[in-house]
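Trainee: Sequence first, predicted coordinates after that:
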Amino acid sequence: MKADTSELTQLAPTLKAGDKVELSGFIYTGRDAAHKRFAQLIKEGKELPFPIKNAVIYYAGPTGTKEGMVIGSCGPTTSGRMDPYTPKLLDMGLKGIIGKGERSDSVVDAIARNKAVYFCAIGGAGALACKCIESCEVIAFEDLGCESVKKLFIRDFPLIVTVDCHGGNLFKTGREAFKR
């Protein structure tokens, strides 16, 4: 299924764990260091560097850009490291998350509570993922280098819904299928 990030609020309730989605639109990168800074900004009552309502965050730290390319290799990083920060961001209006790996119960609950969605991108395929990125702009925390917050425009980025807002969790159902 093809989907646009601008439609994620309406789309998220229709998605089920296991659905394959080719996502297009604007997303923001943010890894560990950026999430720590997000938490500090929230604590201080300051605005985040991008509008969080209906946004999509991609847990990625792209490598340096090679000549003639928009971005370097841009694969997902392990999502669990952002679990302490994710429920608050979801409660603030975050609608989509892209990463890899299982999420904590508190994140799964926050996804359901906020009618959001967690997508997994293919790990180890960062060189292929960068081919779906049409623009890249550093928008915050430039001092963090590859972990700076970037605004990306993606087209037909291949993803799998792994946690849906109905409680579907591919990490659990996938394991159960192999036990049979």
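Mentor: Looks like it arrived, so ask away.

Trainee: partner residues bridging Ile154?
Mentor: Ile154 has these beta-bridge partners by DSSP bridges: Gly25, Ile133.

Trainee: Against Leu48, how distant is it?
Mentor: 20 Å (CB to CB, to the nearest Å). C-beta coordinates here come from the backbone N, C-alpha and C atoms, glycine included.

Trainee: Show me which of these two is the more surrounded one.
Mentor: Legend: neighbour count by other CB atoms under 10 Å for Ile154 and Leu48, higher for Ile154 (24 against 19).

Trainee: from memory that one sits against Glu134, does it?
Mentor: Yes: contact criterion CB atoms under 8 Å: Ile154 and Glu134 qualify, at 7.0 Å.

Trainee: Determine the three-state secondary structure at Phe171.
Mentor: Using DSSP: H, G, I helix; E, B strand; the rest coil, the structure places Phe171 in helix.

Trainee: hang on, isn't it packed against Ser104?
Mentor: No: when contacts are counted by CB under 8 Å, Phe171 is not listed as touching Ser104 (11.2 Å).

Trainee: Show the contacting residues for the closest residue to Ala55 other than its chain neighbours.
Mentor: Nearest residue to Ala55 in three dimensions, chain neighbours excluded: Leu94, at 5.6 Å (CB to CB, 6 or more residues apart in numbering). With contacts defined as CB atoms under 8 Å, 6 or more residues apart in numbering, Leu94 is in contact with Ile52, Ala55, Val56, Ile57, Thr86, Asn114, Ala116.

Trainee: which one of these is nearest Val21?
Mentor: Val56 (11.4 Å; CB to CB).

Trainee: Going by residue numbers, what spans are helices in this protein?
Mentor: Ranges of helices within the chain are 8-11, 32-43, 86-91, 105-113, 126-129, 170-179, based on DSSP state H.

Trainee: which one of those helices is the most hemmed in?
Mentor: helix 86-91 (a mean of 20; mean count of other CB atoms under 10 Å).

Trainee: Could you list the low-pLDDT ranges of the protein?
Mentor: In the predicted model, the chain carries pLDDT under 70 at residues 175-180.

Trainee: In contact with the closest residue to Ile27 other than its chain neighbours, which residues?
Mentor: Among residues not flanking Ile27 along the chain, Val56 sits closest, at 4.3 Å (CB to CB, 6+ apart). Taking CB under 8 Å, 6+ apart, we find Val56 in contact with Thr5, Leu8, Leu23, Gly25, Phe26, Ile27, Tyr28, Leu94, Lys95, Gly96, Ile97, Ile98.
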